[in-house]
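Student: Below are the sequence and a predicted model; questions follow.
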Amino acid sequence: MTEASANIGVVGLAVMGSNLARNLASREGNTVAVFNRSYDKTEHLVTEHPEAGFVPASTYAEFAASLQKPRTAIIMVKAGGPTDAVINDLVQVFEPGDIIVDGGNALFTDTIRREKAVRETGINFVGAGISGGEEGALNGPSIMPGGSDESWVTLGPILKSIAAVAEGEPCVTHVGHDGAGHFVKMIHNGIEYVDMQLIGEAYDLIRRGTGKTPAEISEIFAEWNRGELESYLIEITAEVLKQVDAATGKPLVDVIVDQAGAKGTGAWTVQTALDLGIPVSGIAEAVFARSLSSKPAQRAEATSLPGPSSTGTVADPEAFIEDVRQALYASKIIAYSQGFDAIVAGAEQYGWDIKKGDIAKIWRGGCIIRAQFLNRITEAYAENPSLQALVLAPYFRDAVATAQDAWRRVVIGAVETGVPTPAFSSSLAYYDGLRADRLPAALIQGQRDFFGAHTYKRIDKEGTFHTLWSGDRSEVDAVDTH
Ligand SMILES: NC(=O)c1ccc[n+]([C@@H]2O[C@H](COP(=O)([O-])OP(=O)(O)OC[C@H]3O[C@@H](n4cnc5c(N)ncnc54)[C@H](OP(=O)(O)O)[C@@H]3O)[C@@H](O)[C@H]2O)c1
């Protein structure tokens, strides 16, 4: 009979699971049970890291027996079917009161479904978004757990012990019930997509607009990283741009195939936002830009399409680079404003009590979008928890006001010279749409009423109306059909 010596277990020992298990084992008081479907991975981990004192198990029964009650196990396997398979196996050997945590990148609606099903067995199920990749898993990720309050009592201290620490605070908070954690992780990934796309556009603009080399542009990003744009993504951009390919002596960025891959979480964010009716146009453009890049045959033929007559470098490179920096900052504010709109809408739709300021706080360390700027978001929500939009907070309103002339110059220049800037441009269009006193939506309502009798509201009186377009064009009272 195996002794129940472990206080936490990890199932799935690929890159993420093995690093997370090592992180857990390195914290005072933890003994970690480990299990992987193929036992060779378990053996490899245990042999490679004797210092961790892992308790290996070759069957689920052995794994369960090695855990103290209430048993707590974190699943780190391929998202989708494999997660369901592992849950089914764990449910057979766990008991009511035990806790199963899915730390993979699950779709939040799957987490809601799984939580409901597992709860019926009396076992707790927690979907926890874990960000930060391999390095984060090992040294401290940002963790976004959902699940019940009861699970959080046991799980909270364990997750706090392994999370990244930012300004003295662990980057983990109980986000909300059932799928809330995976929902917020999904939005995090969507923001990551647009952040990367915006940086890509800034690089492209500077390279084409000034003729500077990647190494020179690396210095610009390194400089930006000392100011309000300070963030992990700006920092690694500087690193990537200065890398020289050993085989050819060229900048590495020039020998990498320009087709961006995706694991699907950006697309999930956009699909979810469409369902919620929330414009996350920056994220959508970032996802589509990756799709466009990954159509080599189409792009090869399309290089023959005519471009603008106005090309060439800018007259004042220094001023232009500063404009691009400002445009990047303003667009980034819009990206976060849209992302937080989606969080607010998701919380409303699914009944989660999500503290927006706390979310910004736990993204300050351990995750890909970690940035100085997140403190400003926490402050904005602390000042006014029911902000209608993040960009309306005084700090962000002022930042965009300062940046907007530069932002407009950059978008105009990009359009004139044919540099694609979908995220910069769509963020600006969103900003102008948001602040507009009147929108052409009134005309759209008129068109909808014309062809489909969809009715409209009037600005000057209550009720719903329809114009008899095919009759005498008089207006009649109508039933609201949206
Ligand atoms: N990689 C990252 O940067 C990152 C960042 C955040 C979150 N995540 C998420 O973390 C999770 C783990 O990621 P990963 O890259 O370490 O691993 P992965 O490549 O996504 O998955 C491999 C693991 O899944 C197990 N597995 C696959 N099918 C299974 C099944 N039917 N039953 C039981 N186990 C099965 C594998 O076991 P075998 O060894 O037996 O094949 C292996 O342990 C994923 O959900 C991923 O999306 C990854």
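Tutor: That came in fine, so what should we check first?

Student: quick one: the helices in the stretch 301-450 of the chain?
Tutor: With DSSP state H, counting those that start in this stretch as the criterion, the stretch 301-450 of the chain has helices at 317-350, 356-362, 374-383, 394-417, 422-435, 441-452.

Student: Identify all contacting residues around the last one.
Tutor: Helix 441-452 is contacted from outside by His454, Thr455, Tyr456, Lys457, His466, Thr467, Trp469, using C-beta atoms under 8 Å, 6 or more residues apart in numbering. For glycine as for every other residue, the C-beta is placed from the backbone atoms N, C-alpha and C.

Student: Serialize the helices of the stretch 301-450 of the chain to CSV and add fields for mean neighbour count and mean pLDDT.
Tutor: Shown next, in CSV, are the helices of the stretch 301-450 of the chain (neighbours: other C-beta atoms under 10 Å; pLDDT from 0 to 100):
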stretch, mean neighbour count, mean pLDDT
helix 317-350, 22, 98
helix 356-362, 22, 95
helix 374-383, 18, 95
helix 394-417, 17, 97
helix 422-435, 20, 98
helix 441-452, 12, 97
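
Student: Val244 is nearest to which of these?
Tutor: Closest approach to Val244 among the helices of the stretch 301-450 of the chain is made by helix 317-350 (22.5 Å; C-beta to C-beta).

Student: how far away is the residue nearest to Thr173 when sequence neighbours are not counted from Glu379?
Tutor: The spatially closest residue to Thr173, leaving aside those adjacent along the chain, is Asp358, at 4.7 Å (C-beta to C-beta, 6 or more residues apart in numbering). Note on Asp358: its distance to Glu379, by C-beta to C-beta, to the nearest Å, is 13 Å.

Student: for the contacts of helix 441-452, which one is nearest the ligand?
Tutor: Taking C-beta to the nearest ligand atom as the measure, the ligand lies nearest His454 of these, at 42.2 Å.

Student: picking that back up, let me have the helices of the stretch 301-450 of the chain in TSV, extended by distance to Val118.
Tutor: Below are the helices of the stretch 301-450 of the chain laid out as TSV (distance: least, C-beta to C-beta, whole Å):
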stretch	distance to Val118
helix 317-350	18
helix 356-362	25
helix 374-383	32
helix 394-417	40
helix 422-435	39
helix 441-452	44
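
Student: Checking the residue in the stretch 101-250 of the chain positioned nearest to the ligand next. Helix, strand or coil?
Tutor: The ligand sits closest to Gly104 of the stretch 101-250 of the chain, with a gap of 2.5 Å, by C-beta to the nearest ligand atom. Assigned by DSSP: H, G, I helix; E, B strand; the rest coil, the conformation of Gly104 is coil.

Student: Identify the residue spatially nearest to it, adjacent ones excluded.
Tutor: The shortest distance from Gly104 to any non-neighbouring residue, by C-beta to C-beta, 6+ apart, is to Ala79 (4.5 Å).

Student: can you check Phe183 too?
Tutor: Closest residue to Phe183 apart from its sequence neighbours, by C-beta to C-beta, 6+ apart: Phe108 at 4.0 Å.

Student: and if you look at Ala4?
Tutor: The shortest distance from Ala4 to any non-neighbouring residue, by C-beta to C-beta, 6+ apart, is to Gln68 (4.8 Å).

Student: who touches the one you found in this structure?
Tutor: Contacts of Gln68 (C-beta under 8 Å, 6+ apart): Ala4, Ser5, Ala6, Asn7.

Student: out of those residues, which is most surrounded?
Tutor: Compared across these, Ala6 has the highest neighbour count, 27 neighbours, by other C-beta atoms under 10 Å.

Student: Check the spacing between that one and Arg22 real quick.
Tutor: 14 Å.

Student: before we move on, what about Leu439?
Tutor: 53 Å.

Student: Neighbour count: those two, which is higher?
Tutor: Legend: neighbour count by other C-beta under 10 Å for Leu439 and Arg22, higher for Arg22 (22 against 11).

Student: Let's verify that one: helix, strand, or coil?
Tutor: Classification of Arg22 by three-state DSSP places it in helix.

Student: which ones are touching it?
Tutor: Going by C-beta under 8 Å, 6+ apart, Arg22 touches His49, Ala52, Leu138.

Student: Output these as JSON lines; include the columns neighbour count, secondary structure and pLDDT.
Tutor: Output for these, formatted as JSON lines (neighbours: other C-beta atoms under 10 Å; DSSP: H, G, I helix; E, B strand; the rest coil; pLDDT from 0 to 100):
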{"residue": "His49", "neighbour count": "16", "secondary structure": "coil", "pLDDT": "98"}
{"residue": "Ala52", "neighbour count": "20", "secondary structure": "helix", "pLDDT": "97"}
{"residue": "Leu138", "neighbour count": "19", "secondary structure": "helix", "pLDDT": "96"}
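
Student: I'd like the residues you listed laid out as JSON lines, including distance to the ligand.
Tutor: Formatted as JSON lines, those follow (distance: C-beta to the nearest ligand atom, whole Å):
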{"residue": "His49", "distance to the ligand": "16"}
{"residue": "Ala52", "distance to the ligand": "17"}
{"residue": "Leu138", "distance to the ligand": "11"}
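
Student: Mind checking what secondary structure the residue nearest to Gly129 when sequence neighbours are not counted has?
Tutor: Closest residue to Gly129 apart from its sequence neighbours, by C-beta to C-beta, 6+ apart: Lys185 at 2.2 Å. At Lys185 the chain is in helix, as set by three-state DSSP.

Student: tell me the contacts of Lys185?
Tutor: Contacts of Lys185 (C-beta under 8 Å, 6+ apart): Asn105, Gly129, Ile130, Ser131, Met144, Thr265.

Student: rewinding a little: for the ligand, find the nearest of the helices of the stretch 301-450 of the chain.
Tutor: Checking the helices of the stretch 301-450 of the chain against the ligand by C-beta to the nearest ligand atom gives helix 356-362 as the closest, at 14.8 Å.

Student: And that closest one, how far out from the chain middle?
Tutor: Relative to its chain's centre, helix 356-362 lies at 13 Å (C-alpha atoms, centre = their mean, to the nearest Å).

Student: by contact count, what packs against that helix?
Tutor: When contacts are defined as 3 or more C-beta pairs under 8 Å, 6 or more residues apart in numbering; DSSP states H and E, helix 356-362 sits against strand 142-145, helix 317-350, helix 374-383.

Student: Next, please give the residue ranges for the strands of the stretch 1-150 of the chain.
Tutor: 8-11, 32-35, 55-56, 72-75, 99-102, 124-131, 142-145 (DSSP state E, counting those that start in this stretch).
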